[in-house]
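Chemist: Got a sequence here, can you build the structure:
(chains A, B, C and D)
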Protein chains: 2
Amino acid sequence: MVDDGTGSDAAVPRKRSDARRNQEALLDAAAAAFIAAGVHVPVRDIATRAGVGVGTIYRHFPTRADLIVAVYHHQIEACAAAGPRLLASAGTPHAALAGWIDLFVDFLVTKHGLAEALRSDDATFGKLHAHFLDRLLPVCAHLLAAAAAAGEIRPDVGALELMRGVGNLCIGDNSDPRYDARRMVGFLVAGLRLPAVP
Amino acid sequence: MVDDGTGSDAAVPRKRSDARRNQEALLDAAAAAFIAAGVHVPVRDIATRAGVGVGTIYRHFPTRADLIVAVYHHQIEACAAAGPRLLASAGTPHAALAGWIDLFVDFLVTKHGLAEALRSDDATFGKLHAHFLDRLLPVCAHLLAAAAAAGEIRPDVGALELMRGVGNLCIGDNSDPRYDARRMVGFLVAGLRLPAVP
DNA sequence: CGAACATACGGAACATCGTTCCGTTTACCA
DNA sequence: TGGTAAACGGAACGATGTTCCGTATGTTCG
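Modeler: Okay, here's the model as predicted:
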């Protein structure tokens, strides 16, 4: 719901062309910098890549979280949209849950430092955390409820604790080949299952 | 195996008395500072508490990891020693494993920021990570092997991945009452179980 | 006991990074 | 084309980790 100046009505005065151009340049530069050096890349590096001053970054994206959210906006939305789709197509609610968690894990482990940032107690990342929760928590809760209703998992698992646990398990996945976050997440999700009662 | 100047032979020249005194003062100050502000407390704060200059810290403890390891040395050793004891006293190997993991989790969540530091990819903490693994990995491996041999858990679980997963789940436990690391670790350990074959 | 020497100390100084602020430039509109 | 408001750039500031060297002090030996 961000007005980028190309919007539909005239309530908000159109942004200046250089501002729009710089915002685009910043998004591109940040995306490249995140891939090259992780989401903790120094602000000055992003500014240099984009050919702007650091002041321009703070004007467009007051906190690092805003920039990260903007860069990954599409992928976060795609992940949110995948929840209901999986629930409809997968064989069981538990399979849908597992599939969705896989998507979430894939997203996190392919963005260097994102899982760490998500869990940082630094207030700067509070908005990042909040945005992830806003978009993805309801999806996760829905999948959990379906699996619980089907008697496949214990009924007392909260969506927030599961997402945080999964996010935590993704930390450091890229720094040591002996650690595989997907495997650990698999164990965690398996631990939610109820013993089959025949 | 650090020579503190009170050692047995004279191969190493005895350290100066002020050096020994300052090292003690630094350990006390660091312990207090870690409790008050976490293991990421600024170096200057520790120096001020100890009544020394920052140079003295770096002389005694070249990296933050060295200081952390020294402060928690006793507790790490106690955790290592608890492994065999639990295996002997607990009803089943799996119970011993679960009990030991509980000790490990308790240790981590009561030291603000320690779990985070353990997982930081900052090279400064490499020695911290290495020391934890040196002392605790064999203990964990032993417990895992016993539980696997008893057929209680799947046989392909590595000690390193388990310890890292558990450590990761402990991150941020103190920053949000809605997240309980012990609960998540419980799910993870439960996920290692093999279905009972009667 | 007192001097000489090695050891250790303290904190100033430097580097990095996030963040703010304001003089200058630029786009837009009349 | 000129005026105005928006946006820009980067210097400057504060916090923190780290290094370095002139100074102080413990220890030893004559």
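Chemist: and the lowest-mean-pLDDT helix or strand in chain A, anywhere near DNA strand C?
Modeler: Across the helices and strands of chain A, mean confidence by mean pLDDT, DSSP states H and E is lowest for helix A:114-119: a mean of 94. No - counting by CB under 7 Å from any atom of the strand, DNA strand C has no neighbours in helix A:114-119; the shortest distance is 11.3 Å. For every residue, glycine as well, the C-beta is placed using N, CA and C.
Chemist: pLDDT (mean, whole number) over whichever helix or strand comes after that helix?
Modeler: Later in the chain than helix A:114-119, the nearest helix or strand by DSSP states H and E is helix A:126-149. Here helix A:126-149 scores 97 as its mean pLDDT.
Chemist: Grab the nearest non-local neighbour of whichever residue of chain A sits closest to chain B.
Modeler: Using CB to the nearest CB, the single residue of chain A nearest to chain B is A:G191, 3.2 Å away. Excluding its sequence neighbours, the residue lying closest to A:G191 (CB to CB, 6 or more residues apart in numbering or on different chains) is B:G191, at 3.2 Å.
Chemist: again, but for A:Q75
Modeler: Distances taken as CB to CB, 6+ apart put A:F107 closest to A:Q75, at 6.0 Å, once the chain neighbours are dropped.
Chemist: ok, now how distant is that neighbour from A:L128?
Modeler: In this view, A:F107 and A:L128 are 13 Å apart by CB to CB, to the nearest Å.
Chemist: tally of neighbours for A:A25?
Modeler: The local packing of A:A25 (other CB atoms under 10 Å in any protein chain shown) involves 16 other residues.
Chemist: what's it in contact with, if anything?
Modeler: Contacts for A:A25 were tallied using CB atoms under 8 Å, 6 or more residues apart in numbering or on different chains; they are A:50-52.
Chemist: That one and A:D18: what is the separation?
Modeler: From A:A25 to A:D18 the distance is 10 Å (CB to CB).
Chemist: Could you list the low-pLDDT ranges of chain A?
Modeler: Filtered on pLDDT under 70, chain A yields the residue ranges A:1-12, A:196-198.
Chemist: Okay, domains of it per the record?
Modeler: Domains of chain A are assigned by automatic domain parsing as A:17-61, A:73-190.
Chemist: Let me know which of these is the nearest to B:A150.
Modeler: domain A:73-190 (18.5 Å; CB to CB).
Chemist: Around DNA strand D, which positions in chain A sit nearby?
Modeler: Neighbours of DNA strand D within chain A, by CB under 7 Å from any atom of the strand: A:13, A:15-16, A:18-19, A:22, A:51-56, A:58-60.
Chemist: quick revisit: which one's more surrounded, A:F107 and A:L128?
Modeler: Applying other CB under 10 Å to A:F107 and A:L128 shows that A:L128 carries more neighbours, namely 23 against 18.
Chemist: any bit of the helix or strand harbouring A:I68 sitting next to DNA strand C?
Modeler: Using DSSP H and E, the element containing A:I68 is helix A:64-71. Yes - residues of helix A:64-71 contacting DNA strand C under CB under 7 Å from any atom of the strand: A:R64.
Chemist: what does that helix contact?
Modeler: By CB under 8 Å, 6+ apart, helix A:64-71 touches A:26-27, A:30-31, A:34, A:39, A:43, A:46, A:57, A:61, A:76, A:114, A:117, A:124-129, A:131.
Chemist: Could you identify the buried members of those?
Modeler: A:26-27, A:30-31, A:34, A:39, A:46, A:57, A:61, A:76, A:114, A:117, A:125, A:127-129, A:131 (16 or more other CB atoms under 10 Å in any protein chain shown).
Chemist: For chain A, which residue gets nearest to DNA strand D?
Modeler: DNA strand D sits closest to A:G55 of chain A, with a gap of 2.0 Å, by CB to the nearest atom of the strand.
Chemist: how many neighbours does that residue have?
Modeler: Neighbours around A:G55, by other CB under 10 Å: 9.
Chemist: Likewise for A:A81?
Modeler: Counted with other CB under 10 Å, A:A81 comes out at 12.
Chemist: so is it in a helix, a strand, or just coil?
Modeler: helix (DSSP: H, G, I helix; E, B strand; the rest coil).
Chemist: Can you name the residues of chain A that neighbour chain B?
Modeler: Within chain A, the positions near chain B by CB under 8 Å from any CB of the partner chain are A:116, A:119, A:121, A:157-158, A:160-161, A:164-165, A:168-169, A:171-172, A:175-176, A:178-180, A:183-184, A:186-192, A:195.
Chemist: redo that, cut-off 6 Å
Modeler: A:119, A:121, A:160-161, A:164-165, A:168-169, A:171-172, A:175, A:178-179, A:184, A:187-188, A:190-192 (CB under 6 Å from any CB of the partner chain).
Chemist: Just the buried ones from those, in PyMOL syntax?
Modeler: Listed next is the PyMOL selection for buried residues among these, using 16+ other CB under 10 Å:
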select buried, chain A and resi 119+121+161+164+165+168+169+171+172+179+184+187+188+190+191+192
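Chemist: Surely A:G113 and A:G38 touch.
Modeler: Yes - A:G113 is within contact range of A:G38, at 3.6 Å (criterion: CB atoms under 6 Å).
Chemist: ok so, going back, next up, identify which helix or strand the residue of chain A closest to DNA strand D is on.
Modeler: A:G55 belongs to helix A:54-60, assigned by DSSP H and E.
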